[in-house]
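Colleague: heads up, no residue letters with this:
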């Protein structure tokens with residue numbers, strides 16, 4: 001049997017900071033975007049002598065992960081997080097020129113939250129024979145949580161706990 005295996009993992013990251021100043025205030029907006037991708041495939045052919053026979057399982061996962069913070073005069077006033085991941089996989093098998101097995105699955109998992117208390121989670125899955133979607137929306141909180149000096153590295157505890165609650169409640173619906 002001959003096999004060709006391919007695994008690819010890569011992440012591209014873009015960090016930007018935009019500063020605007022006036023005599024009374026300085027506003028800094030920081031955005032960090034990451035685009036991780038993972039691809040895997042396997043191509044298998046049998047021993048010589050069998051005609052048009054192969055197995056081809058493959059899959060790809062691509063994400064956008066974005067963190068945004070806004071600070072005014074050195075005090076953080078806003079933060080947000082977005083994670084949008086799509087995943088697709090499939091299988092194709094042929095024997096003697098005839099497709100003997102085929103199938104696939106696609107999904108998208110979208111989670112967004114911010115320091116105002118906004119939290120949204122939506123997951124959509126489609127596979128042979130059907131699809132399903134789940135959503136969860138959390139009510140906004142009236143007050144902003146305590147901010148750390150370096151939100152980007154240490155995380156915003158308030159936002160993280162809301163994201164965890166949002167993800168936990170969404171996971172229970174899956």
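Modeller: That came through, no problem. What you are looking at is a predicted structure, and each value in this text was computed from that prediction instead of being measured.
Colleague: low pLDDT regions in this protein?
Modeller: 1-2, 46-51, 129, 135-174 (pLDDT under 70).
Colleague: quick one: the strands in it?
Modeller: 2-21, 26-45, 54-72, 75-95, 98-114, 119-127, 130-138 (DSSP state E).
Colleague: centroid residue for this structure?
Modeller: residue 85 (2.8 Å; CA atoms, centre = their mean).
Colleague: how about that residue: what's its closest non-neighbour residue?
Modeller: In this structure, residue 85 finds its nearest non-sequential neighbour in residue 63, 4.2 Å apart by CB to CB, 6 or more residues apart in numbering. C-beta here means a position set from N, CA and C on the backbone, and glycine is covered the same way.
Colleague: again, but for residue 107
Modeller: Closest to residue 107 by CB to CB, 6+ apart is residue 125, at 4.4 Å.
Colleague: look up how far residue 58 lies from the one you found.
Modeller: In this view, residue 125 and residue 58 are 18 Å apart by CB to CB, to the nearest Å.
Colleague: please apply the same query to residue 99.
Modeller: 15 Å.
Colleague: more neighbours: which of those two?
Modeller: residue 58 (16 against 9; other CB atoms under 10 Å).
Colleague: quick one: the nearest residue to that one once chain neighbours are set aside and residue 75, what's the gap?
Modeller: In space, and not counting its chain neighbours, residue 58 is closest to residue 41: 3.8 Å by CB to CB, 6+ apart. Remark: distance between residue 41 and residue 75 (CB to CB) = 49 Å.
Colleague: so which of these two has more stuff around it?
Modeller: residue 41 (16 against 9).
Colleague: show me what that one is bridged to.
Modeller: With DSSP bridges applied, residue 41 shows beta-bridge pairing to residue 6, residue 58.
Colleague: ditto for residue 86
Modeller: residue 62, residue 108.
Colleague: got the contact list for it?
Modeller: When contacts are counted by CB atoms under 8 Å, 6 or more residues apart in numbering, residue 86 touches 61-63, 106-108.
Colleague: and the furthest pair within these?
Modeller: Farthest-apart pair in those is 63 and 106; separation 14.5 Å (CB to CB).
Colleague: ok, the residue nearest to residue 85 to residue 38 distance?
Modeller: Residue 63 is 9 Å from residue 38, by CB to CB.
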